[in-house]
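**Student:** Make a model of this:
(chains A and B)
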Amino acid sequence: MIRRLRYRQDGQDLEVVAQKIGGKLWFHVDGETHVYEPESSSANPTGPAGLHPDRIEAPMPGKIVRLEVKVGDAVRTGQLLVVMEAMKMEYSLSAAADGTVEEVGCSAGDQVRLSQLLIQLKLTEKGHG
Amino acid sequence: MAVKRIEKVAIANRGEVAVRIIRACQELGLQSVLLHSEADAGGLAARLADEAFPIGPASSAESYLNVEANVNAALASGADAVHPGFGFLSENAQFARAVEKAGLIFIGPTPESIELFGDKISAKKLVAEIGEPLIPGYSEEDQTLETLLGVAEIIGYPVIVKATGGGGGRGLKVARSVPEFKAAVPAAQREAKAAFGSDRIFLEKYLQAAKHVEMQIFGDASGKIHCLFERDCSVQRRHQKIIEESPAPRLTTDLRTRIAMSAVRIAQAAKYRGAGTVEFLVDGEQYYFMEMNTRLQVEHPVTEMVAGVDLVKAQITTAMGQALTWTSTEPRGHAIECRLYAEDPYQGGIPSTGRLGLVEFPPGPFRRFDVGVETGDEITSYYDPMIGKLIVWDETRPRAIQKMRKVLAETIVFGVHTNIPLLKAILAHPDFTDGRMTTRFFEENFSQPLPKPESTADRQTMAESLFRQTGEETAETSAPNPWFHSWRGPR
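**Tutor:** Have a look, this model is predicted:
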């Protein structure tokens, strides 16, 4: 169902186009498209990359081309961990922090899902001084 | 060239370019046959074509890249010509040969031309022989890492590592140091092997502040080479073009003429027939030949807008043996194209797949939307996540930018995320509006994901209210609400 409405805000009429797809509301207003999802149904508990530098997840569905590390390896920030391929391109996933490889959730040649755990790191505690 | 009859054209491609070719056929009064994979059976192109023939499973390797399946389906359909579009088999000489061997007309250059320019080494040899400028590089047979490392030192970092058979950014890496080079070589070899069956690579000096300027040329049936001016495609991400325009900003008339003449001489030396693009890097007053693409280009619409031609129809009539009557000698006004991708700009451009909800483009004068999908169609992970191309024309570059901004603001795509916020940000960047962007523009300014705009309290209230009132599949019920009243647009 596609809804076209007029929304009054600060005495101004804004045209809104809205459609609910798969529990999310897509709406276009004032030249921008937004997606709204009620807080309780948020489907992404881990959040975007960077918030959890110890979890390296597949940023998209694709194929694992190469694994550069194994369980027990010490890794440095920026070190290449996994090479994956999706949409005809190779993507390199690197460590966002220093640590040790605790778990490897894939092997070369695997097809992986979006957000699938690829590498679990145990981060090195940062000392002071 | 003898006059040949074409009544039915088989299209060995998918998506927006298939739709583009089908429409050209329809306007010329020709029948069209779409050769499609299982995944595209119900797509827009299949719906528009007069006939649709399956050629294999979703995976490109088994369908769109399968020479035999495409030739057999074209024959079975009763087509007398094959248009390869761009990408897939469009620059595959073996395919062009197989099409001709089957007694069909290949709408494109000769297999010899495809071979000559498809191999970067033979292409550069030709260009060097006729004295046109080349970038320092290495393309010899010795491909050991040791030799390659030595050559990279001589050329000087940064160095481009590229698949010999590659195009469009595939198998292409830039190495800025010895460790990067050591990592890039095996990766490029692997991608080259997977994509083209050969792991041979070549090296080239990476120009730090160059513009990508390409000349559209066209060899007609009488043997004449036409030049339809240039396109600036400097806005590239990982060597994939995002925004293209014609004419190129900040290109002097003198330099334009010199580059155009180089492009024509290169095409003449190859006795080139059909649509082709000669790509150059322009660094100040210097320009260097990069490669020649022996096909229609994704960004061909901007040339069509400023030159007042239809390149796809010209390809078809050239294949019929008709000469062209084009006379335009300079570009008229300014055209810009934005590639609309299904991706999340707030997560670094990760492809966004799924079923499309509402898809709507704002009509208006000199706005063109080359799109291969409609509401209800699916963006799958099998193919390039490009939804389509937005093209505008106006009298001047600033006007064309203004128009594109308006078009981007009014374009609606629901169901998948799009790069519209990124395109808007690029169009607003001073380096772009001044026309100063180089091939490093994107990397320098947009390598980080766009910051997600904060939701305002007003918009949050609006979203919550809309969410409660909007059903997924049920018919619209008129909700008496002080905030909303139903409104139906003109469409």
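**Student:** rest of the way, CA atoms for contacts and neighbours
**Tutor:** Fine.
**Student:** what comes into contact with the helix or strand harbouring B:Met305?
**Tutor:** Using DSSP states H and E, B:Met305 sits within helix B:300-307. Helix B:300-307 is contacted from outside by B:216, B:228-231, B:244-247, B:309-311, B:328, B:330-337, B:391-393, using Cα atoms under 8 Å, 6 or more residues apart in numbering or on different chains.
**Student:** What about those residues, which are in helices?
**Tutor:** B:Leu311 (DSSP state H).
**Student:** Going through the contacts of helix B:300-307, which ones are buried?
**Tutor:** Buried members of the contacts of helix B:300-307, scored by 16 or more other Cα atoms under 10 Å in any protein chain shown, are B:216, B:228-231, B:244-247, B:311, B:331-337, B:391-393.
**Student:** Remind me what the helix or strand that contains B:Ile22 packs against, helices and strands.
**Tutor:** For B:Ile22, the element it lies in under DSSP H and E is helix B:15-28. Packed against helix B:15-28 by the contact rule (3 or more Cα pairs under 8 Å, 6 or more residues apart in numbering or on different chains; DSSP states H and E) you find strand B:8-11, strand B:31-37, helix B:44-48, helix B:311-319, strand B:367-371.
**Student:** please redo it, this time with the cut-off set to 10 Å
**Tutor:** Counting contacts by 3 or more Cα pairs under 10 Å, 6 or more residues apart in numbering or on different chains; DSSP states H and E, helix B:15-28 packs against strand B:8-11, strand B:31-37, helix B:44-48, strand B:81-83, helix B:311-319, strand B:367-371, strand B:386-394.
**Student:** How far does the fourth one sit from its chain's centre?
**Tutor:** When you say that, I think you mean strand B:81-83. 19 Å (Cα atoms, centre = their mean, to the nearest Å).
**Student:** Excluding its own residues, what touches it? List them.
**Tutor:** Residues outside strand B:81-83 that contact it (Cα atoms under 10 Å, 6 or more residues apart in numbering or on different chains): B:5-13, B:18, B:21-22, B:32-35, B:70-71, B:74-75, B:89-90, B:96, B:99-100, B:103-108, B:312, B:315-316, B:319-320.
**Student:** Output the helix holding B:Ile22 as PDB, restricted to C-alpha atoms.
**Tutor:** Output of helix B:15-28 as PDB, limited to C-alpha atoms (Å, rounded to 0.1, in the frame of the first residue of the first chain):
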ATOM      1  CA  GLY B  15      18.800  -4.700 -17.100                       C
ATOM      2  CA  GLU B  16      18.700  -1.100 -18.300                       C
ATOM      3  CA  VAL B  17      20.900  -1.600 -21.400                       C
ATOM      4  CA  ALA B  18      18.600  -4.400 -22.600                       C
ATOM      5  CA  VAL B  19      15.600  -2.100 -22.100                       C
ATOM      6  CA  ARG B  20      17.500   0.700 -24.000                       C
ATOM      7  CA  ILE B  21      18.200  -1.600 -27.000                       C
ATOM      8  CA  ILE B  22      14.600  -3.000 -27.000                       C
ATOM      9  CA  ARG B  23      13.200   0.500 -27.200                       C
ATOM     10  CA  ALA B  24      15.500   1.400 -30.100                       C
ATOM     11  CA  CYS B  25      14.400  -1.700 -31.900                       C
ATOM     12  CA  GLN B  26      10.700  -0.900 -31.300                       C
ATOM     13  CA  GLU B  27      11.200   2.600 -32.600                       C
ATOM     14  CA  LEU B  28      13.000   1.300 -35.700                       C
END
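**Student:** now it and strand B:31-37, what's the angle there?
**Tutor:** 170 degrees (axes from the mean of the first three to the mean of the last three Cα atoms, to 10 degrees).
**Student:** wouldn't A:Gly23 be in contact with A:Glu39 here?
**Tutor:** No: if you go by Cα atoms under 10 Å, A:Gly23 and A:Glu39 don't touch, sitting 11.6 Å apart.
**Student:** more neighbours, the two?
**Tutor:** Neighbours were counted for A:Gly23 and for A:Glu39 using other Cα atoms under 10 Å in any protein chain shown; A:Gly23 has more, 13 against 7.
**Student:** Could you find the closest non-adjacent residue to that one?
**Tutor:** A:Glu37 (7.1 Å; Cα to Cα, 6 or more residues apart in numbering or on different chains).
**Student:** roughly how far apart are that neighbour and B:Leu340?
**Tutor:** 24 Å (Cα to Cα, to the nearest Å).
**Student:** These two - which one has more neighbours?
**Tutor:** Between A:Glu37 and B:Leu340, counting by other Cα under 10 Å, B:Leu340 is the more crowded of the two (21 against 17).
**Student:** does the helix or strand hosting A:Arg4 come close to chain B?
**Tutor:** A:Arg4 belongs to strand A:2-9 when elements are defined using DSSP H and E. Yes: using Cα under 10 Å from any Cα of the partner chain, strand A:2-9 reaches chain B at A:Ile2, A:Arg3, A:Arg4, A:Leu5, A:Arg6, A:Tyr7, A:Arg8, A:Gln9.
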